[in-house]
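Visitor: got a sequence here, can you build the structure:
(chains A and B)
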Amino acid sequence: MGQKITIDPVTRVEGHGKVTIHLDNDGNIEQTRLHIVEFRGFERFVQGRPYWEAPVLVQRLCGICPVSHHLAAAKAMDVIVGAGTGDGLTPTGEKMRRLMHYGQVFQSHTLHFFHLASPDLLFGIDSDPLKRNIIGIAMENRELAVQAVMMRKYGQEVIKATAGKKIHGTGAIPGGINKHLSEEERDYLLNGEPMVNIDQIISWSQGALDFFHDYHQKNKEIIDRFIEFPSSYLSLVRKDGALDIYHGVLRAVDSKGKKILHDIDYHEYYRYIDEEVRSWSYMKFPYLKEYGRETGWYTVGPLARMNTADFIDTPLAQKELEIFKAYNNGKPSNKPMHMHWSRLIEILHCAEKMKELLNDPDVLEGELVVKGNKTDEGVGLVEAPRGTLFHHYKINEDDQIVMANLIVSTTNNNQPMNEAVNQVANKVMKGQPKITEGMMNAVEVAIRAYDPCLSCATHALGQMPLEITVLDSQNNIIDSKHS
Amino acid sequence: MNKVVKIDIDGLECIANSDQYIIEAARENGIYIPTLCNYPGVKPKGGCRICTVRVNGKQMTACTTPVSDGMRIENNTEELINLRKSIVELLLVEGNHFCPSCEKSGNCELQALAYRFGIMAPRFPYLFPVRKVDASHPKIIKDQNRCILCKRCIRAITDEKGRSVFAYRRRSSRVEVVVDSKLGKQLTDELAQKAMDVCPVGSILVKEKGFITPIGERKYDKNPIGSDIENITITKR
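Guide: Below is the predicted model of the structure:
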């Protein structure tokens, strides 16, 4: 008799989801699915609201990376108020927003790597779940835990200085930003004591990579061989091919590195990307139209950005990218666990960028807002911590939003996450007489690599646990895991 | 004839002018009496009842009751604070007040009063009424979700002939404040801004100006509502 395994809820991710694994009579994996089981509907209830409210309203999708939604919506509204298509802001407007974004990606990546993912790496996938968490890390390695907390704090302080609040601020407005950085704020972020200063932050970021390299050297099985499958990769890149998480053109490469989306203007994303709805999940499945539903799916996020970018414009992160590229023989890495490696390179890049911007006089003074001829439609894209984030709005002649379409990072990663779950389930559960907690956590580790934000992806409400259930061919529950 | 009178507010002897309402006299004596419908320079209405005080033992609205010599006023009592808090809670549940995305947040008197009264969640069930946003005016938006029907705009925003640019429409629970279809066409930028400033909530919004004031510089970011009155140097008392 066949079986169905359900992991419900998945833990140490943002949001609520579950995994079902269907086994046939011989214990072979018939089908695996990552289900996103909540729905909130931001795209609908933003309708009727004045357009300048969108950056503040829509960021409430998430408490982890609200800045990404705030900025993507603000960029769309820049287009609507005629402030250009992402590169038309004043130097102060753009640099303050960038500073906010680097602070945001920095804190979110730090949270993910240290708080959510590192327990699996440090203690092992099948270690005692009571220890396999951030408290376990704090008990085992106090210094590392303090560092994680202080790094996250730094990113949050940068957000507060640029957006007014650590979570859900109001900094970005259509056409620019509503404040400068004060000299006190700048000095605090540059030289704050005892732990809040940018040089310490850069040093810790480099230290995190050194830690990873050491771990990688000793644990190639989990980092290199735990999951591997060919995927296409999509992200923004700067026009010259540099990594750019705030603005650029859309590029996609296939699993071997061939360009399949040639640095297009993202304002026309809908000509290249479509979304498929499947009955068993609230999360849609985006794909490149040219390649169709079956093969047009792609991965976004830190790994995609390392795979699409030609170089990084900050020296320390560039050095790390060179190591990354060399390790993968100059080809895209098709190993989802390299997502952690990529994330750490971005942490370092963000730290370097923050230092650059904090020393830039434009953040202290200059025009804040620019406006031009108004239009009725705008698209805004940023590279959120988890990947490419699309915001698309249309307004009526009375300035009210009449259409909103959001394709968030985790939605873009829907198919690859399902692929990863399928591969790991096949690897650890196939033909096993008993499904253990460690096996189920292995499935979660695969999902966790993507740092999914499930509530964000369905614009859904709630915490973010995920459940796994095993069912037989008669749909009887054989085993399940809840957090 | 205008003359100087002595009144007692919560045991404090105050000096006032006989042509003043209690709320004005209290303000000049550094005593804050909360209100939502009252606005300096605009004819009082006594609509919101938040300024209710006890005058010689009887409940009266401080914004419409003139002072008289020897008047004994109770203001800051547990009973009155609870009454005022209840009114704020009723206003919060009766409309759709979503502070997180409202551009008046930080400058909103209803929100500021909720903070002052320590309202974490209203004691009454939310009604979630279905209301419209009228964005058809070229200069302003009238968001009926947030209107508390205080009539401040009706009383304060007038044309050169003294005619109100805003008006009540419909009756009873369906009543709403709308822009007069004829006079509204002559609304200047200055009057539009004044209408937004006069509105104690986020119901009247000047178009395309939202969120221009950063967090930290908004009216109630640093000090609670009423503290400007409570902190003035008293010379009259």
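
Visitor: low pLDDT regions in chain B?
Guide: B:1, B:232-237 (pLDDT under 70).

Visitor: nearest to chain A within it, name that residue for me.
Guide: Residue nearest to chain A within chain B: B:I215 (2.7 Å; Cβ to the nearest Cβ). For the C-beta atoms, the positions are set from N, CA and C on the backbone; glycine is no exception.

Visitor: what strand or helix carries that residue?
Guide: Under DSSP states H and E, no helix or strand contains B:I215.

Visitor: that one and A:G169: what is the separation?
Guide: Using Cβ to Cβ, to the nearest Å, B:I215 is found at 6 Å from A:G169.

Visitor: joint contacts of these two?
Guide: Common contacts of B:I215 and A:G169 (Cβ atoms under 8 Å, 6 or more residues apart in numbering or on different chains): A:A163.

Visitor: does the closest residue to chain B within the stretch 201-350 of chain A sit in a helix, a strand or a coil?
Guide: For the stretch 201-350 of chain A and chain B, the shortest gap (Cβ to the nearest Cβ) falls at A:Y246, measuring 19.8 Å. When classified by DSSP: H, G, I helix; E, B strand; the rest coil, A:Y246 comes out as coil.

Visitor: would you list the phi and psi of it?
Guide: phi -100, psi -40 (degrees, to the nearest 10).

Visitor: report how many residues lie close to it.
Guide: 21 (other Cβ atoms under 10 Å in any protein chain shown).

Visitor: quick one: contacts for it?
Guide: Each residue near A:Y246 by Cβ under 8 Å, 6+ apart is listed here: A:L71, A:E94, A:R97, A:R98, A:H101, A:V382, A:E383.

Visitor: same question, B:I7
Guide: B:13-16, B:22, B:25, B:67-73.

Visitor: how about the spatially most central residue of chain B, secondary structure?
Guide: The centre of chain B sits closest to B:L36, judged by Cα atoms, centre = their mean, with a distance of 2.0 Å. Following three-state DSSP, we place B:L36 in the coil state.

Visitor: you'd agree it is up against B:P200?
Guide: Yes. Between B:L36 and B:P200 there is a contact under Cβ atoms under 8 Å: 5.0 Å.

Visitor: overlap in contacts of the two?
Guide: Common neighbours of B:L36 and B:P200, using Cβ under 8 Å, 6+ apart, are B:E109, B:L110, B:I148, B:C150.

Visitor: how's chain B carved up into domains?
Guide: Chain B is divided into the following domains under automatic domain parsing: B:7-76, B:84-206.

Visitor: same check, this time on chain A
Guide: Domain segmentation of chain A under automatic domain parsing yields A:90-170+A:178-228+A:336-369, A:229-313+A:323-334.

Visitor: just the buried ones out of the contacts of A:Y246, please.
Guide: Neighbour counting with 16 or more other Cβ atoms under 10 Å in any protein chain shown marks A:L71, A:E94, A:R97, A:R98, A:H101, A:V382, A:E383 as buried within the contacts of A:Y246.

Visitor: now the first one, nearest residue through space, not along the chain?
Guide: Distance criterion Cβ to Cβ, 6 or more residues apart in numbering or on different chains; nearest residue to A:L71, sequence neighbours excluded, is A:V382 at 5.1 Å.

Visitor: before we move on, what SS does that neighbour have?
Guide: State at A:V382, reduced to three classes by three-state DSSP: strand.

Visitor: wait, doesn't it sit right on A:H70?
Guide: No. Counting by Cβ under 8 Å, A:V382 does not reach A:H70; the two are 9.4 Å apart.

Visitor: picking that back up, and the furthest pair within the contacts of A:Y246?
Guide: Within the contacts of A:Y246, A:E94 and A:E383 form the most distant pair, 15.3 Å apart (Cβ to Cβ).

Visitor: please, where are all the helices along the stretch 251-400 of chain A?
Guide: Applying DSSP state H, counting those that start in this stretch to the stretch 251-400 of chain A gives helices spanning A:292-295, A:302-308, A:315-327, A:338-358.

Visitor: so how far is A:P230 from A:G257?
Guide: 11 Å.

Visitor: whoops, I mixed them up, A:D187
Guide: From A:D187 to A:P230 the distance is 49 Å (Cβ to Cβ).

Visitor: swap in B:A167?
Guide: Taking Cβ to Cβ, one finds B:A167 at 67 Å from A:P230.

Visitor: just A:I447 next, same as before
Guide: Separation of A:I447 from A:P230 (Cβ to Cβ) stands at 19 Å.

Visitor: quick one, which of the two is more surrounded?
Guide: Each of A:I447 and A:P230 had its neighbours counted (other Cβ under 10 Å), and the higher figure belongs to A:I447 (26 against 10).

Visitor: isn't there a helix covering the more buried one?
Guide: Yes. Assessed by three-state DSSP, A:I447 belongs to a helix.

Visitor: just the pLDDT for it.
Guide: pLDDT recorded at A:I447 is 82.

Visitor: may I see the buried residues of the lengthiest helix in chain B?
Guide: Using DSSP state H, we find that the single longest helix of chain B is helix B:78-94. For helix B:78-94, a neighbour-count test (16+ other Cβ under 10 Å) marks B:L80, B:R84, B:K85, B:S86, B:I87, B:V88, B:E89, B:L91, B:L92, B:V93, B:E94 as buried.

Visitor: which residues touch it?
Guide: Applying Cβ under 8 Å, 6+ apart, the contact partners of helix B:78-94 are B:34, B:36, B:48-50, B:52-54, B:74, B:97, B:110, B:113-114, B:117, B:119, B:122-127, B:129, B:148.

Visitor: how far off helix B:78-94 does the helix or strand just after that helix point, in degrees?
Guide: Counting by DSSP H and E, the next helix or strand C-terminal to helix B:78-94 is helix B:109-116. Relative orientation of helix B:109-116 versus helix B:78-94 (axes from the mean of the first three to the mean of the last three Cα atoms, to 10 degrees): 130 degrees.

Visitor: coming back round to it: only the buried subset of the contacts of B:I7, as a PyMOL command please.
Guide: Typed into PyMOL, the line below selects the buried ones among these, using 16+ other Cβ under 10 Å:
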select buried, chain B and resi 14+15+16+22+25+67+71+73
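
Visitor: the contacts of B:I7 in helices, which ones?
Guide: Taking DSSP H, the ones among the contacts of B:I7 that sit in helices are B:I22, B:A25.

Visitor: reformat the contacts of B:I7 as JSON lines; add distance to B:A192.
Guide: Listed next are the contacts of B:I7 as JSON lines, based on distance: Cβ to Cβ, whole Å:
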{"residue": "B:E13", "distance to B:A192": "44"}
{"residue": "B:C14", "distance to B:A192": "38"}
{"residue": "B:I15", "distance to B:A192": "39"}
{"residue": "B:A16", "distance to B:A192": "36"}
{"residue": "B:I22", "distance to B:A192": "32"}
{"residue": "B:A25", "distance to B:A192": "33"}
{"residue": "B:V67", "distance to B:A192": "36"}
{"residue": "B:S68", "distance to B:A192": "40"}
{"residue": "B:D69", "distance to B:A192": "43"}
{"residue": "B:G70", "distance to B:A192": "45"}
{"residue": "B:M71", "distance to B:A192": "40"}
{"residue": "B:R72", "distance to B:A192": "44"}
{"residue": "B:I73", "distance to B:A192": "38"}
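
Visitor: can you narrow the contacts of B:I7 to ones near chain A?
Guide: Applying Cβ under 8 Å from any Cβ of the partner chain to the contacts of B:I7, one finds that nothing falls near chain A.

Visitor: now A:E30: which helix or strand?
Guide: For A:E30, the element it lies in under DSSP H and E is strand A:29-36.

Visitor: need the residue closest to the centroid of chain A.
Guide: Using Cα atoms, centre = their mean, the residue of chain A that lies closest to the mean C-alpha position is A:R386, 0.7 Å off.

Visitor: higher neighbour count, B:I215 and A:G169?
Guide: It is A:G169, of B:I215 and A:G169, that has more neighbours when counted by other Cβ under 10 Å, with 26 against 19.
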